[in-house]
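Student: quick one, structure for this:
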Amino acid sequence: MDGWRRFIRDFSRNRMAAGGLVFLILIVLAAAFAGLIFPDGADEIDLDNALRSPSAVHPFGTDPFGRDLLARVIYGARISLGVGFLARTISLLLGLFFGTVAGYFGGRTDSIIMRLADITFAFPALLLLIAVMAVVSPGMISLFTVLGAIGWASMARLVRSRVISVKEYEYVEAARAAGAGHLKLAGKYILPQCVSPVIVVYTLGLGMIVMAEASLSFLGLGVQPPLPSWGRMISNGIVFMRSAPWLTLFPGLVLTATICSFNLVGDGIRDALDPGSKRIAARTGKEGMIRGRLQQGL
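Tutor: Just a heads-up that it's a prediction; the model follows:
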């Protein structure tokens with residue numbers, strides 16, 4: 001309990017991380033209760049109100065079909081956040097499994113799994129996603145499945161390095177000497193020590209997944225109409241950039257704020273779980289500034 005209290009206290013002291021968490025809570029609540037906020041849905045066409053600028057009735061304006069843009073942005077949050085959490089969870093499960101197997105058994109098993117990870121890292125992530133999505137049929141299920149399957153390598157490397165370190169601890173050796181099996185050693189004694197770094201990487205990766213989903217939807221390879229998507233909204237609004245800039249402005253701002261919030265929350269969790277990392281980063285930054293001034297003086 002004291003550990004949780006200390007974590008909450010340290011996290012709440014980080015105002016940027018706390019602000020990012022508040023924004024994420026608000027956008028998640030809005031997406032969850034979108035049906036109550038906009039009971040008519042996001043696809044109600046009203047051609048008489050097409051391309052209306054932002055107003056009290058339509059705070060984000062309307063699109064070429066007269067649909068309320070705020071409603072579409074909020075309903076689009078369901079898609080972006082849902083895909084993000086599902087894809088990242090798939091990456092987490094795959095990374096935990098392959099990273100644990102590679103780090104625990106080592107040898108040839110470790111080499112094979114890490115070479116597969118190297119192959120994944122060899123391709124630019126976005127280009128690999130475009131290539132795979134161009135082969136499979138675009139859709140929400142294929143989207144989060146592909147995003148999750150491609151993102152396992154970084155998680156596996158993190159878990160592997162942690163497992164290699166933890167499996168040499170004395171209490172693990174004692175459990176092994178007492179006759180504990182592989183599953184018990186990995187599940188009860190080793191994996192719990194990987195929770196902290198995994199939570200940080202999971203949270204930071206959510207922003208990248210949301211950005212990848214928006215990029216694929218922007219290119220027409222993600223979620224297909226009539227489902228609303230932030231990336232698709234931005235793509236459709238480019239044609240009206242001069243006459244109706246709100247079509248790209250508001251979805252882009254919400255997308256940017258969501259990605260930044262995930263990054264801020266991830267940084268806040270990292271600093272709260274490991275307060276020393278913040279001090280090291282601050283000291284490193286200060287030393288770099290002093291070194292730069294000295295070089296300028298020379």
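
Student: got the confidence number for residue 281?
Tutor: As predicted, residue 281 sits at a pLDDT of 45.

Student: same check, this time on residue 18
Tutor: For residue 18, the predicted pLDDT is 94.

Student: what's the spacing between it and residue 274?
Tutor: Counting by CB to CB, to the nearest Å, the gap between residue 18 and residue 274 amounts to 18 Å. C-beta coordinates here come from the backbone N, C-alpha and C atoms, glycine included.

Student: and residue 129, by the same measure?
Tutor: From residue 129 to residue 274 the distance is 31 Å (CB to CB).

Student: neighbour count for the two, which is higher?
Tutor: Higher neighbour count among residue 129 and residue 274: residue 129, with 23 against 15, using other CB atoms under 10 Å.

Student: distance check, the more buried one against residue 144.
Tutor: Between residue 129 and residue 144 the computed distance is 12 Å (CB to CB).

Student: next one: residue 138
Tutor: Residue 138 is 12 Å from residue 144, where distance means CB to CB.

Student: same question for residue 246.
Tutor: From residue 246 across to residue 144, the span is 29 Å (CB to CB).

Student: which of residue 138 and residue 144 has more neighbours?
Tutor: The residue with more neighbours, out of residue 138 and residue 144, is residue 144; 24 against 17, by other CB under 10 Å.

Student: surely the more buried one and residue 80 touch.
Tutor: No - at 10.7 Å, residue 144 does not count as touching residue 80 under the criterion of CB atoms under 8 Å.

Student: angles on the backbone of the residue sitting nearest the centre point of the chain, please.
Tutor: By CA atoms, centre = their mean, the chain has its centre lying nearest to residue 206, at 0.7 Å. The phi/psi pair for residue 206 (degrees, to the nearest 10) reads phi -60, psi -40.

Student: that one: what's it in contact with?
Tutor: When contacts are counted by CB atoms under 8 Å, 6 or more residues apart in numbering, residue 206 touches 84-85, 88, 262, 266.

Student: try residue 218
Tutor: By CB under 8 Å, 6+ apart, the residues touching residue 218 are 231-232, 234-235.

Student: any figure for the gap between it and residue 39?
Tutor: In terms of CB to CB, residue 218 sits 29 Å off from residue 39.

Student: same question for residue 224.
Tutor: Counting by CB to CB, the gap between residue 224 and residue 39 amounts to 24 Å.

Student: okay, those two: which has more neighbours?
Tutor: Each of residue 224 and residue 39 has its neighbours counted (other CB under 10 Å); residue 224 has more, 15 against 9.

Student: does the more buried one really touch residue 139, like I thought?
Tutor: Yes - in this structure, residue 224 is within contact of residue 139 by CB under 8 Å, at 6.3 Å.

Student: tally of neighbours for residue 48?
Tutor: Residues lying near residue 48 (other CB under 10 Å) number 7.

Student: show me where this protein has helices.
Tutor: Under the criterion DSSP state H, the chain contains helices at 2-13, 15-32, 34-37, 69-105, 107-122, 125-135, 140-150, 152-166, 170-177, 182-184, 195-218, 230-237, 246-273, 275-297.

Student: among the ones you listed, which is nearest residue 45?
Tutor: Among the helices of the chain, helix 69-105 comes nearest to residue 45, with 11.8 Å by CB to CB.

Student: buried residues, that closest one. List them.
Tutor: 69-81, 83-88, 90-92, 94-96, 98-104 (16 or more other CB atoms under 10 Å).

Student: check stretch 213-221 too.
Tutor: Under the neighbour-count criterion of 16+ other CB under 10 Å, stretch 213-221 has 213-219, 221 buried.

Student: tally of neighbours for residue 178?
Tutor: Residues lying near residue 178 (other CB under 10 Å) number 8.

Student: so it versus residue 125, what's the distance?
Tutor: Residue 178 sits 44 Å away from residue 125, going by CB to CB.

Student: can you check residue 92 too?
Tutor: Note on residue 92: its distance to residue 125, by CB to CB, is 17 Å.
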